[in-house]
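# Provided below for reference: sequence and predicted model.
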Amino acid sequence: MELFPPLAARVAHSSIGAALAAGGAAYAAQAEGRALAVALCVVLACLGLALRGYRVGVRCGPHQVTVRGLFRTRVIDRAAVTAVTDFPAIRWTGRSGRARWTPLTAFQAGPGELARITAAKRHQVARIRRWAARG
């Protein structure tokens, strides 16, 4: 099962990178030489951040869970998952036996967030918790 935050939250996640890319593009329009090359690299990186921000979410499969965050995607074996916290985060045990945790940034509630968006995120975390309990 693939779980994503509501559309408004996904757009909000991607707006960070989009705003930075717009600022970089405005700078690039006036830059020359090396500064232009650096500005274009920054714009591309920020566009990548905007795309990742829109695609944040969790994929729960039969043998593993894939957590796509703003900066990183982590794949965790289902057998290694020990808990899903209210933070929200997945607690799991690494192959070395070390206790680890991976935050579920897609489903973290913000202070000024609409109640319906927060409720939808909590519902998704509950679905992940049920998936983990079945393993």
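Yep, it's here. Numbering: from 1, shown residues only.

# extract the CA atoms of the host helix or strand of residue 76 and return them as CSV.
If you go by DSSP states H and E, residue 76 is part of strand 73-77. Provided in CSV are the C-alpha atoms of strand 73-77 (Å, rounded to 0.1, in the frame of the first residue of the first chain):
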residue,chain,number,x,y,z
THR,A,73,14.7,7.3,0.9
ARG,A,74,15.1,4.4,3.4
VAL,A,75,14.1,0.8,2.9
ILE,A,76,13.5,-1.2,6.1
ASP,A,77,12.8,-4.9,6.4
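
# figure out how far it is from the centre of its chain.
13 Å (CA atoms, centre = their mean, to the nearest Å).

# quick one: contacts of it?
63-67, 90, 92, 102 (CB atoms under 8 Å, 6 or more residues apart in numbering). Where C-beta positions appear, they are placed from N, C-alpha and C, glycine not excepted.

# those residues into TSV, with extra columns for secondary structure?
Output for the contacts of strand 73-77, formatted as TSV (DSSP: H, G, I helix; E, B strand; the rest coil):
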residue	secondary structure
63	coil
64	strand
65	strand
66	strand
67	strand
90	strand
92	strand
102	strand
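
# hmm, back to that, ok, the strand holding residue 76: who's next to it in the sheet?
strand 64-68 (antiparallel) (DSSP bridges).

# and the partner strand, what's buried?
Neighbour counts using 16 or more other CB atoms under 10 Å place 65, 67-68 of strand 64-68 among the buried residues.

# ok, now stretch 123-135?
Those would be 124-125, 128-129, 131-132, for stretch 123-135 by 16+ other CB under 10 Å.

# what are the C-alpha coordinates of that stretch, in PDB please?
What follows is stretch 123-135, C-alpha atoms only, in PDB (Å, rounded to 0.1, in the frame of the first residue of the first chain):
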ATOM      1  CA  HIS A 123      -5.100   8.100   9.900                       C
ATOM      2  CA  GLN A 124      -2.100   7.200   7.600                       C
ATOM      3  CA  VAL A 125       0.200   6.700  10.600                       C
ATOM      4  CA  ALA A 126      -2.500   4.400  12.100                       C
ATOM      5  CA  ARG A 127      -2.500   2.400   8.800                       C
ATOM      6  CA  ILE A 128       1.300   2.000   9.000                       C
ATOM      7  CA  ARG A 129       1.000   0.900  12.700                       C
ATOM      8  CA  ARG A 130      -1.500  -1.800  11.700                       C
ATOM      9  CA  TRP A 131       0.700  -2.900   8.900                       C
ATOM     10  CA  ALA A 132       3.700  -3.300  11.300                       C
ATOM     11  CA  ALA A 133       1.600  -5.100  13.800                       C
ATOM     12  CA  ARG A 134       0.600  -7.800  11.300                       C
ATOM     13  CA  GLY A 135       4.300  -8.500  10.500                       C
END
